[in-house]
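In: quick one, fold the following:
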Amino acid sequence: MRFPNEAELKALRERYPAGTRIRLIQMDDAFAPVPPGTTGSVAIIDDAGNIHMKWDNGRSLALIEGVDIFEVISGG
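Out: Numbers count the residues shown, from 1 in each chain. The predicted structure follows:
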């Protein structure tokens, strides 16, 4: 896994500020993915670039841009 540099982290945090609403299309997790169609809100983006979510179904699994497929449904 490649960690983002400071400029990439800044851009990611600007693109997905806390509170941004997201709908999951597909999660690349072989063991316990969040179901497609689930919606949730961005909580934080950590220093590794993981988008930590508060999913509406109670889950909290993070998204990884470029690996998981999702769409923004409203800004933060």
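In: run through the strands of the protein in chain order.
Out: 21-26, 39-45, 51-55, 69-74 (DSSP state E).
In: sort out which residues of the third one are buried, please.
Out: Right, the one you point to is strand 51-55. Using 16 or more other Cβ atoms under 10 Å as the test for burial, strand 51-55 gives I51, M53, W55. (Glycine included, C-beta is placed from N, CA and C.)
In: so what touches that strand?
Out: 12, 16, 22, 24, 34, 38-46, 59-65 (Cβ atoms under 8 Å, 6 or more residues apart in numbering).
In: neighbours of A48, how many?
Out: The number of residues packed near A48 is 12, by other Cβ atoms under 10 Å.
In: list the residues that contact the closest residue to it other than its chain neighbours.
Out: Among residues not flanking A48 along the chain, F3 sits closest, at 5.6 Å (Cβ to Cβ, 6 or more residues apart in numbering). F3 makes contacts with D47, A48, G49, as judged by Cβ under 8 Å, 6+ apart.
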